[in-house]
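Asker: I need the structure of the sequence given here:
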Amino acid sequence: MTADRSHDIGTGVGTGAGTGTGSGTGAGIGTGTGTGPHLGPGEGAGLGVGTAEGTDAAPGAVTPAASGVAETTAASGAETTATPGHPTQATDDSDSDRDSDSGGGGGPDGGILGRAYRALTLGIISVVSLVAFEASAVNTAMPVAARALDGIGLYAFGFSAFFTASLFAMALAGEWSDRRGPLGPLFTGIAAFGAGLLIAGAARSMGMFIVGRGVQGIGGGLVVVALYVVVGRAYPERLRPSIMASFSAAWVLPVIVGPLVAGTVTEHLGWRWVFLAIPVLILLPLVVMLPALRTLPRTRPGPSGGVRQVLGSRRCLLALAVAVGACLLQYAGQHPAWTALLPAAVGLALLAPGIVRLLPRGTFRAARGLPSVVLLRGLAAGSMVAAESFIPLMLVTQRGLSATLAGLSLTGGGLTWALGSYVQSRPRLEPHRERLMVLGMVLLALAIALVPLALLDGVPAGIVAAAWTIGGFGMGLNISSAGVLLLKLSRPEEAGSNSASLQMSDALGNVTFVGLGGVLFVAFGGASGSASHSVAFVAVFATMAAVAFTGAVTASRVR
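Answerer: Numbering: from 1, shown residues only. Next comes the predicted model:
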């Protein structure tokens, strides 16, 4: 997620002294590597907007913090902000504070829905909403599709194909964005996502359906990383918490209506239309955000920016090894026999070293800063998804709820997730981001720990819905904050790769802890009588609560 190597917009912080009398604070527009401690322009000529202590009477020479180089050009008392299409926009401190609090920031053009960002923001929200709708809709249609294609035995591969393909695509998107900019992976990802839906919808066999899901995974992996890069390129730092909050908000409506719409379409038109209808909807967000995307600074590929160099890069090869390893382990898990030992061993040999090398150094020992941010993302996502996977099963088998009611018990978590994302985006809470993330993980651990209380006869089943609203709020505080901190802690030339690492940590956390939950469930007798069934659920939820609490400790080390 690097800035443009020839020209870009970013932030830099510098100090300088000028000739003349008096002293003051000025805003600077600089050239060169205009980065301060946060994301900014890359090498070459760029706009580095920052503060500079100079003189009231004359501009001074500025030496920025970190690697930024700037020249002061404005008088004291004003803050200069660079925005796409609006390179310099001066506002006084009081106006800036007032606009930031309202989400507008910097006048009518400054907020994520201001004139300068409205089209891009709406386009991004539309893309995320479509991905969210697809995810919730496919979960509803998958059982029907598998039965229709006589592929129940390969049911799990319909999900794992998406996961393994997206792992590789995430690393590819990071390298591609760093070397050539985000537009290529973004548009390629959207096209691949649509093509995968068409292949799956038209499949005449389960094998072809799985291929379609894999193509979807490639598209999804490219899109999610490229969108992070676009955020880093197009939005100033003060607006990034708000746009990250909009990512979470974009999931709310699809999570609520997706299963209902998909179920209705499946029953009346057939499961294929759940897949075939979505690609048409992709055209709208493309049309909306294309003009804004064209204004983003272009990255000219360097000597190592060719397609062959990108695909042959170390990270892409490692990600390919991880994806193949995960696929082999999945195959071995589906075929419990001695003949599966070889693919299991090969899969583990490919998976373990690749994970260590793909994630930032120090991730697995929770080193302070970026490594802890990446690790926290995996712990948070993995513990919640693993617990969430067993909640409907528990409510159906132990409390006798219908599948619909069991699924609705999780809906409140989606709503409070968006609320938590909104809360973390408030400018006044920025100095307390680390504490918010610790609080979020504590709330998630508490929520998971409360869920098994529903196994007690005297406790209403509604406690699960109440607990999950608490957990959703905690996740909202954490997931968006992790994205904000990643952009802040990443150097421009590493931001794309780090964004890919964040997404891969998320995906790896899901598969690791869901798999661990399955092992625990079986080990504690989940497949036998009702009494041992209850013990198995307790084992799963207690373990995931411990994982979430470990995440709370990790959150204290993100800075």
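
Asker: how close does I355 sit to T512?
Answerer: 10 Å (Cβ to Cβ, to the nearest Å). For the C-beta atoms, the positions are set from N, CA and C on the backbone; glycine is no exception.

Asker: And these two? Which one has more around it.
Answerer: More neighbours surround I355 than the other of I355 and T512, with 22 against 16 (other Cβ atoms under 10 Å).

Asker: what sits against the more buried one?
Answerer: I355 is in contact with V322, L508, counting by Cβ atoms under 8 Å, 6 or more residues apart in numbering.

Asker: how far out from the middle of the chain is the helix or strand it falls within?
Answerer: Following DSSP states H and E, the helix or strand that holds I355 is helix 341-358. Relative to its chain's centre, helix 341-358 lies at 24 Å (Cα atoms, centre = their mean, to the nearest Å).

Asker: cool, and stretch 138-152?
Answerer: Distance, centroid of stretch 138-152 to centroid of chain: 27 Å (Cα atoms, centre = their mean).

Asker: buried residues in it?
Answerer: Using 16 or more other Cβ atoms under 10 Å as the test for burial, stretch 138-152 gives V138, T140, A141, M142, V144, A145, A146, L149, G151.

Asker: Mind exporting the C-alpha coordinates of the helix holding I355 to CSV?
Answerer: The C-alpha coordinates for helix 341-358 follow below in CSV (Å, rounded to 0.1, in the frame of the first residue of the first chain):
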residue,chain,number,x,y,z
LEU,A,341,-0.7,-38.9,6.4
LEU,A,342,1.5,-38.0,3.4
PRO,A,343,-0.7,-35.1,2.2
ALA,A,344,-1.0,-33.9,5.8
ALA,A,345,2.7,-33.9,6.3
VAL,A,346,3.4,-32.1,3.0
GLY,A,347,0.7,-29.6,3.8
LEU,A,348,2.1,-28.9,7.2
ALA,A,349,5.6,-28.5,5.8
LEU,A,350,4.4,-26.0,3.3
LEU,A,351,2.0,-24.1,5.6
ALA,A,352,4.1,-23.5,8.8
PRO,A,353,7.2,-22.0,7.3
GLY,A,354,5.2,-19.9,4.9
ILE,A,355,3.1,-18.4,7.6
VAL,A,356,6.1,-17.4,9.7
ARG,A,357,7.7,-15.6,6.7
LEU,A,358,4.6,-13.9,5.4
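
Asker: model confidence over that helix, on average?
Answerer: The average pLDDT within helix 341-358 is 84.

Asker: cool, and stretch 121-141?
Answerer: The average pLDDT within stretch 121-141 is 80.

Asker: can I have that stretch written out in PDB, keeping just the CAs?
Answerer: Output of stretch 121-141 as PDB, limited to C-alpha atoms (Å, rounded to 0.1, in the frame of the first residue of the first chain):
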ATOM      1  CA  THR A 121     -16.700   6.500  -0.400                       C
ATOM      2  CA  LEU A 122     -20.100   5.400  -1.900                       C
ATOM      3  CA  GLY A 123     -18.300   3.200  -4.400                       C
ATOM      4  CA  ILE A 124     -16.200   1.500  -1.700                       C
ATOM      5  CA  ILE A 125     -19.200   1.000   0.500                       C
ATOM      6  CA  SER A 126     -21.100  -0.500  -2.400                       C
ATOM      7  CA  VAL A 127     -18.300  -3.000  -3.200                       C
ATOM      8  CA  VAL A 128     -18.000  -4.000   0.500                       C
ATOM      9  CA  SER A 129     -21.700  -4.400   0.700                       C
ATOM     10  CA  LEU A 130     -21.800  -6.700  -2.300                       C
ATOM     11  CA  VAL A 131     -19.000  -8.900  -0.900                       C
ATOM     12  CA  ALA A 132     -20.900  -9.000   2.400                       C
ATOM     13  CA  PHE A 133     -24.200  -9.900   0.700                       C
ATOM     14  CA  GLU A 134     -22.500 -12.600  -1.300                       C
ATOM     15  CA  ALA A 135     -20.900 -14.100   1.900                       C
ATOM     16  CA  SER A 136     -24.300 -14.300   3.800                       C
ATOM     17  CA  ALA A 137     -26.200 -15.400   0.700                       C
ATOM     18  CA  VAL A 138     -23.900 -18.200  -0.300                       C
ATOM     19  CA  ASN A 139     -24.000 -19.700   3.200                       C
ATOM     20  CA  THR A 140     -27.800 -20.000   2.800                       C
ATOM     21  CA  ALA A 141     -27.600 -21.400  -0.800                       C
END
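
Asker: Show me which positions of that stretch end up buried.
Answerer: 121-134, 136-138, 140-141.

Asker: Quick one: the helices in the stretch 451-559 of the chain, in order.
Answerer: 462-489, 495-523, 530-555 (DSSP state H, counting those that start in this stretch).

Asker: Tell me which of the ones you listed is the most buried.
Answerer: Comparing the helices of the stretch 451-559 of the chain by mean neighbour count (mean count of other Cβ atoms under 10 Å), helix 462-489 ranks first with a mean of 24.

Asker: May I have the predicted confidence score for the residue positioned nearest the centre of the chain?
Answerer: By Cα atoms, centre = their mean, the chain has its centre lying nearest to Q503, at 5.6 Å. Model confidence at Q503, given as pLDDT, is 78.

Asker: again with the one 10 residues further on
Answerer: pLDDT, the model's per-residue confidence, is 81 for F513.

Asker: Now for it: which residues touch it?
Answerer: G382, S383, V385, A386, M544, V547.

Asker: Same check on R557?
Answerer: Contacts of R557 (Cβ under 8 Å, 6+ apart): A366, A367, R368, G369, S372.

Asker: picking up where we left off before, what's the following helix or strand after the helix holding I355?
Answerer: Defined by DSSP H and E, the subsequent element after helix 341-358 is helix 370-399.

Asker: Enumerate the positions of that following helix that are buried.
Answerer: Buried, per 16+ other Cβ under 10 Å, within helix 370-399: 370-395, 398-399.

Asker: Check stretch 447-460 too.
Answerer: Neighbour count says stretch 447-460 has A447, I448, A449, L450, V451, P452, L453, A454, L455 buried, by 16+ other Cβ under 10 Å.

Asker: contact partners of it?
Answerer: For stretch 447-460, using Cβ under 8 Å, 6+ apart, the contacting residues are 383-384, 387, 391, 394-395, 398-399, 461, 463-464, 466-468, 470-472, 474, 534, 537-538, 541-542, 544-545, 548.

Asker: Over to stretch 374-385?
Answerer: Stretch 374-385 is contacted from outside by 359-360, 363-364, 366, 437, 440-441, 444-445, 448, 471, 475, 478-479, 482, 486, 498, 501-502, 505-506, 508-510, 512-514, 544-545, 547-548, 550-551, 554-555, 558, using Cβ under 8 Å, 6+ apart.

Asker: Break down the stretch 201-350 of the chain into its helices, ranges please.
Answerer: Counting by DSSP H, counting those that start in this stretch, the helices of the stretch 201-350 of the chain are 206-234, 240-249, 252-268, 272-276, 278-281, 283-294, 307-311, 314-334, 341-358.

Asker: Just to check, W271 is in contact with A145?
Answerer: Yes. Look at W271 against A145 with Cβ atoms under 8 Å: they come within range, at 4.7 Å.

Asker: where does L149 fall, phi/psi-wise?
Answerer: phi -100, psi 10 (degrees, to the nearest 10).

Asker: cool, W271 as well?
Answerer: Torsion angles, degrees, to the nearest 10, at W271: phi -60, psi -30.

Asker: Need the pLDDT of it.
Answerer: Looking at W271, the pLDDT reads 86.

Asker: what sits against it?
Answerer: The contact partners of W271, taken as Cβ under 8 Å, 6+ apart, are A141, V144, A145, A148.

Asker: Then M170?
Answerer: With Cβ under 8 Å, 6+ apart, M170 has these contacts: G221, L222, V224, V225, A319, A500, Q503, M504, A507.
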